[in-house]
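> Quick one, fold the following:
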Amino acid sequence: MGKIVTVGVREFIETVKTKTFFLTSVILPLLMLGLIFGSQGIARLAEKEAVPTKHLAVVDRTDVVFDVLQRFVEESNARHPQRKLAVQRVTGEDANIETLRERAAGGEIYAYLVIPPEATAREESGEAPPASMPSTASAGPIAGAVQCEFGRKDGNPEVAERLRYMLNRAIVEVRFKQADPPIDLARVRKLQEPVGFRNVDVKTGQETTGDEMIRFMTPFAFMFLLFMGTMTISQGLLTSVIEEKNSRVVEVLLSAVSPIQLMAGKILGMVCVGVVLMSIWGIVGYGGAHARGMGYLVTPYHLTYVVLYFIPGFLLISAFLAAVGAACNTVKEAQSMAAPLTILTIVPMMLWWLIMLNPSSMLSIVLSYIPPITPFVMILRVCADPEIPIIEVIATLVLLWLSVLFTIWMAGKIFRVGVLMYGKPPSIKELIRWLRYD
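Coordinates of the predicted model:
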């Protein structure tokens, strides 16, 4: 055991001395803190930055919407003096669509907007708006709805949303004015005034703050943290084994320790590196969340599960990669042999949205029992739904630890033979034969 600890300490020291560890343990947390505390300031600075006024040509075929729209644009410019819009009505030959498209493409105007006459048609007139009108600035055309044409070169969503909002308000106001009998628009808007929505944490009873999307993305952040901590450091173990094998340093080491002791020591050292790294990231995340008033998103409950799944998950992947590194002579060969594991670990990244939305679905449960990705899937599920049955947590942890023991046994057999093998990388049949050696 003493030799294993010695190898582990050596591996730990050699790893923490590298620039990569400094980058991931110091620079990256500092960047995270900068984003946490500086994002709002950066957003405010961006809002203060003045941009050139955007000129829009408007073809109003209703003859009544433009004046109302212009009023809303002026009110919007007063609220956003750094993001002004200027609308100008065009008529006659200047209202030709092809001409407007050429002007927008040439940069003479920012964009053009065409309001069809059906936009203010009254329901009792029996006029049905054509279904095949050009697309609007909204997310997508609605079947049967009146469609306005909005043409521009860039894809700035903020301008499109502002204009769409103001245009709809203007058209609705005109429709109310033209209604027979007249309708009190102010009263209707008062009746349609929405109620407030107060989010409360069920455990503390305190109001939760922050963007709902941030709250929804938090489980993904935990999974990504676990993924980065596991895969990044495990890849370092793979590289370390190959470098020592090619430089013949491993032969010197094996004169003092056995192959199994060497592999166990390397994995132990890398586990310690991973614990240090995850601790730093966890402290940064915990402190940052509390500083922003969102401590309910990063709790000791969540961090406990990160630790519970990180250690066996790291041991499992590290043992596998240590065996791959011992069997191969170059990083390129190792990457090809480890490709199935790499592809498998990407699955939770691809399906995280579905797992988040339905943490108790059959898909989520099945993925939880595939050992290489068990830690990532379970972190998503536990963070998305704290009421995941404890029996599932216990079952997945037991399965994960059994997989760790089997993988370490298998990796020990391969490491013992492959660490001193050079030349052509072994085939699958040769690896199976190595497992049978006593």
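> What score does residue 378 have for pLDDT?
With respect to pLDDT, residue 378 scores 92.
> is it fair to say it lies in a helix?
Yes. Judged by DSSP: H, G, I helix; E, B strand; the rest coil, residue 378 forms part of a helix.
> Let me know the helix or strand that residue 102 is in.
helix 97-105 (DSSP states H and E).
> who touches that helix?
For helix 97-105, the external contacting residues (Cβ atoms under 8 Å, 6 or more residues apart in numbering) are 57, 59, 90, 93-94, 109-112, 114, 149, 151-153. (C-beta placed from N, C-alpha, C; glycine too.)
> Confirm for me that residue 378 is in contact with residue 306.
No. The pair residue 378 and residue 306 fails to qualify as a contact (Cβ atoms under 8 Å) at a distance of 10.3 Å.
> about what we covered before: which ones among the contacts of helix 97-105 are found in strands?
Counting by DSSP state E, the contacts of helix 97-105 place 57, 59, 111-112, 114, 149, 151-152 in strands.
> how far is the longest helix anywhere in the chain from where the chain is centred?
Across the chain, the longest stretch assigned as helix under DSSP state H is helix 212-246. Centroid displacement of helix 212-246 relative to its chain, using Cα atoms, centre = their mean, to the nearest Å, is 15 Å.
> for it, packing partners?
Applying 3 or more Cβ pairs under 8 Å, 6 or more residues apart in numbering; DSSP states H and E, one finds that helix 212-246 contacts helix 2-16, helix 249-253, helix 259-291, helix 300-327, helix 331-337, helix 339-357, helix 374-384.
> Tell me which of the ones you listed sits most buried.
helix 374-384 (a mean of 26; mean count of other Cβ atoms under 10 Å).
> Quickly name whichever of the contacts of helix 97-105 is closest to residue 395.
Relative to residue 395, the closest of these is residue 152; by Cβ to Cβ it sits at 55.3 Å.
> State the pair within the ones in strands among the contacts of helix 97-105 that is farthest apart.
Greatest spatial distance among those (Cβ to Cβ): 59 and 152, at 14.4 Å.
> isn't there a helix covering residue 183?
No. Counting by three-state DSSP, residue 183 is not part of a helix but coil.
> Next up, phi/psi of it, please.
Torsion angles at residue 183 (phi, psi; degrees, to the nearest 10) stand at phi -120, psi 140.
> Can you name the residues that contact it?
residue 176.
> pLDDT value on it, please?
pLDDT recorded at residue 183 is 81.
> And for residue 338?
83.
> From residue 325, how far out is it?
9 Å (Cβ to Cβ, to the nearest Å).
> Next, show the common contact partners of these two.
What both residue 338 and residue 325 touch, as defined by Cβ under 8 Å, 6+ apart, is the set residue 238.
> Which helix or which strand is home to residue 55?
strand 54-60.
> next one: residue 88
Counting by DSSP H and E, residue 88 is part of strand 85-89.
> Now do that strand and strand 54-60, the angle between them.
Put simply, strand 85-89 runs at 30 degrees to strand 54-60, going by axes from the mean of the first three to the mean of the last three Cα atoms, to 10 degrees.
> Report the residue spans of the stretch 251-400 of the chain with pLDDT below the cut-off.
When residues are selected by pLDDT under 70, those of the stretch 251-400 of the chain lie in 291-296.
> now the ones in strands among the contacts of helix 97-105 in JSON lines, with pLDDT?
Below are those laid out as JSON lines (pLDDT from 0 to 100):
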{"residue": "57", "pLDDT": "94"}
{"residue": "59", "pLDDT": "94"}
{"residue": "111", "pLDDT": "92"}
{"residue": "112", "pLDDT": "93"}
{"residue": "114", "pLDDT": "93"}
{"residue": "149", "pLDDT": "90"}
{"residue": "151", "pLDDT": "91"}
{"residue": "152", "pLDDT": "88"}
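> Nearest to residue 249, out of those residues: which one, please.
residue 152 (61.9 Å).
> can you pull the contacts of the nearest residue to the closest one once chain neighbours are set aside?
Closest residue to residue 152 apart from its sequence neighbours, by Cβ to Cβ, 6 or more residues apart in numbering: residue 111 at 3.5 Å. Applying Cβ under 8 Å, 6+ apart, we find residue 111 in contact with 54, 56-57, 104, 150-152, 159.
> Neighbour-wise, which one of those residues leads?
Counting neighbours by other Cβ atoms under 10 Å, the top entry in the contacts of residue 111 is residue 57, with 23 neighbours.
> Now do that residue against residue 155, distance only.
In this view, residue 57 and residue 155 are 19 Å apart by Cβ to Cβ.
> related to what we said a few turns ago, quick one: the residue nearest to residue 152 from residue 184, how far?
From residue 111 to residue 184 the distance is 34 Å (Cβ to Cβ).
> Repeat that for residue 53.
Between residue 53 and residue 184 the distance is 35 Å, computed by Cβ to Cβ.
> measure the residue of the chain most remote from its centre to residue 191 for me?
Within the chain, residue 181 marks the point farthest from the mean C-alpha position, 51.9 Å out by Cα atoms, centre = their mean. Using Cβ to Cβ, one gets 17 Å for the distance from residue 181 to residue 191.
> again with residue 236
Noted for residue 236: a distance of 63 Å to residue 191, by Cβ to Cβ.
> List the residues that contact residue 307.
Contacts of residue 307 by Cβ under 8 Å, 6+ apart are residue 278.
> Then the one 4 residues further on?
Listed by Cβ under 8 Å, 6+ apart, the contact set of residue 311 reads 271, 275.
> separation between it and residue 397?
10 Å.
> From the recorded domain assignment, give the ranges for this protein.
53-191, 210-436 (automatic domain parsing).
> closest to residue 15 out of these?
Comparison of the domains of the chain against residue 15 by Cβ to Cβ identifies domain 210-436 as nearest, at 4.9 Å.
> how far is that closest one from where the chain is centred?
With Cα atoms, centre = their mean, you get 20 Å for domain 210-436.
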